[in-house]
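>>> Sequence first, then the predicted structure:
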Amino acid sequence: MPTEHSHGHPTDPDIDAHALSEGQILEMALRELLIEKGVVTQPELNEQMNRTASQSASFGASVIARAWKDEEFKRILLNNPKAAITDLGYDVSQMPDLVIVENKSQIHNVVVCTLCSCYPRYMLGPPPEWYRSAAYRARIVRDPREVLLEFGLKLPPDIKIRVYDSTADLRYMVMPLCPQGAESMPIDKLAALVTRDSMIGVGTPRLL
Amino acid sequence: MTEVQEFQIGQMVNVKSVCTNKHHRVPFYLKGKIGKVTEYLGLVENPESAAYSKYNLDVYPLYRVCFKQTSLWGGEQNGEIYADLAGKWLFEVEV
C-alpha cells in the first residue's frame, strides 16, 4: 500500500461556509432578544417554522376537489373562501383574505403579484421561484397568452384570459375546470389532478 | 381622506398618474390608465402609513378595477387585467 496519498480530492464548500450577511446577523440578534425578553419562546418559533415548512399545494388541491364534487360547498367557497375553509375544520383566521376565481369554458384566470410576490401560501405552500421572478411578473400582464404557451398551456384564441394582479390586501388563487371525464372520480383522486400550477393559472388539471 | 365608498360598480375610473416614494400599492403600468370598477372590497389599512408600523391611523376604500389588455398595451388581445386599487388613487372619468 502506498504510504503517500498521491492525488487531491476536490471538496464542495459546506452550504453555511460563508460569512453571515447583515440580514442574517440582524435576524439572529432580533430573535435572541425576543426570546430573552419573553416575547416569544423557542418552541413557539420552532412550531411556526414547522407549520410554514409543511404548507403545500396539496391543501389547496383538496379544497378545489371538494368544490368540484359538492355544488353547495363550491358556492360558499367562491362567495367566502375563508368561511368555507373554516367550515372544513381549519383555523385560517390569522391568514390574509382570499379570493378564488373560477375558470369558465370561455374564461381562463391567472394570478400574479407585479409589485412583489403576494401568494396564498396557506393554500398553495411556498411560491415557485419563477412566480417571484421579474420576468414572470412583467410578462404575464403584458403578453399572458405567450407566457402561458411557454408553460405548455395553449389556449384557443376565443378563450379570454383574465390576469389578477394581487396589488393589495387580498390573495388570489384559481379554481380550474374539472377535466372532462373525471367528474365521477373520488375526491382524493381528483385532488391529485389539481396541480399547484393549475391553481396559479399557468396550467390546467389533466387526467393522469 | 374619504372613508366611504365613493365609486360605483360599473363606473369608469382613471388611475392617477402620480409618482411617490411612499409605500403605495399601485403598479406603474396602470397609472394614467382607464378601467371599470367591478367590485367594492371594503376599507383596508393605508399601506402608506402601515409600511412604517403606523397602524390604525387611516383606512381607505378598496376597489377591484378591470382594465382591457388593449387599453393598456394596444394590440388585439381580448384579455383583461384586474387589480385592487385604493379610492384615493382613482378619479372619475366621463365616457
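Cool, the structure landed.
>>> And for the worst-scoring helix or strand of chain B on mean pLDDT, what's in contact with it?
Least confident helix or strand of chain B, by mean pLDDT, DSSP states H and E, is helix B:47-50 with a mean of 80. The set of residues external to helix B:47-50 that reach it, using CB atoms under 8 Å, 6 or more residues apart in numbering or on different chains, is A:168, B:20, B:22, B:23, B:24, B:25, B:55, B:57, B:58. Where C-beta positions appear, they are placed from N, C-alpha and C, glycine not excepted.
>>> And for the helix or strand following that helix, what's in contact with it?
Where DSSP states H and E defines the elements, the next helix or strand beyond helix B:47-50 is strand B:59-68. Here strand B:59-68 makes contact (CB under 8 Å, 6+ apart) with A:168-169, B:1-7, B:13, B:15, B:30, B:33-46, B:79-88, B:90.
>>> Do me a favour and average the pLDDT over strand B:59-68.
Per-residue pLDDT values over strand B:59-68 give a mean of 94.
>>> What residues sit buried inside that strand?
Buried residues in strand B:59-68, counting neighbours by 16 or more other CB atoms under 10 Å in any protein chain shown, are found at B:59, B:60, B:61, B:62, B:63, B:64, B:65, B:67, B:68.
>>> which one among those residues gets closest to residue A:28?
Nearest to residue A:28 among the buried residues of strand B:59-68 is residue B:59, at 35.4 Å by CB to CB.
>>> is it fair to say residue A:189 lies in a helix?
Yes. According to DSSP: H, G, I helix; E, B strand; the rest coil, residue A:189 belongs to a helix.
>>> count of residues packed around it?
The burial count assigned to residue A:189 is 12, neighbours taken as other CB atoms under 10 Å in any protein chain shown.
>>> Let me know the pLDDT of it.
pLDDT, residue A:189: 95.
>>> so how far is residue B:61 from it?
Between residue A:189 and residue B:61 the computed distance is 44 Å (CB to CB, to the nearest Å).
>>> can you check residue A:73 too?
Note on residue A:73: its distance to residue B:61, by CB to CB, is 31 Å.
>>> likewise residue B:36?
16 Å.
>>> just residue A:52 next, same as before
Here the criterion is CB to CB. By it, residue A:52 lies 32 Å from residue B:61.
>>> list the helices and strands the longest strand anywhere in chain B packs on?
Looking across chain B with DSSP state E, the single longest strand is strand B:34-45. Strand B:34-45 sits against strand B:12-15, strand B:59-68, strand B:80-86, with contacts defined as 3 or more CB pairs under 8 Å, 6 or more residues apart in numbering or on different chains; DSSP states H and E.
>>> From the contact counts, what lies against the first one?
Using 3+ CB pairs under 8 Å, 6+ apart as the contact criterion, the secondary-structure elements in contact with strand B:12-15 are strand B:34-45, strand B:59-68, strand B:90-92.
>>> re the thing from before, out of the contacts of helix B:47-50, which one sits closest to residue A:205?
Ranked by distance to residue A:205 (CB to CB), these are led by residue A:168 at 28.6 Å.
>>> Contact partners for the closest one?
Counting by CB under 8 Å, 6+ apart, residue A:168 has contacts B:25, B:41, B:44, B:47, B:62, B:84, B:85, B:86.
>>> partner strands of the helix or strand hosting residue A:98, parallel or antiparallel?
In the assignment (DSSP H and E), residue A:98 maps to strand A:97-102. Applying DSSP bridges, strand A:97-102 is found paired with strand A:170-175 (parallel).
>>> hang on, the earlier thing: any idea which of the helices and strands packed on strand B:34-45 gets closest to residue A:16?
Here strand B:80-86 is closest among the helices and strands packed on strand B:34-45 (CB to CB), at 40.1 Å.
>>> got the angle between that closest one and strand A:97-102?
160 degrees (axes from the mean of the first three to the mean of the last three CA atoms, to 10 degrees).
>>> low-confidence ranges in chain B?
Counting by pLDDT under 70, chain B shows low-confidence ranges at B:1-3, B:95.
>>> Ok, chain A next?
A:1-3.
>>> Kindly report the domain assignment for it.
A:25-53, A:55-200 (automatic domain parsing).
>>> Contact partners for residue 86?
You didn't say which chain, so I picked chain A. With contact taken as CB under 8 Å, 6+ apart, residue A:86 is in contact with A:92, A:93.
>>> ah, I was thinking of chain B
With CB under 8 Å, 6+ apart, residue B:86 has these contacts: A:168, B:24, B:25, B:26, B:44, B:46, B:60, B:61, B:62, B:63.
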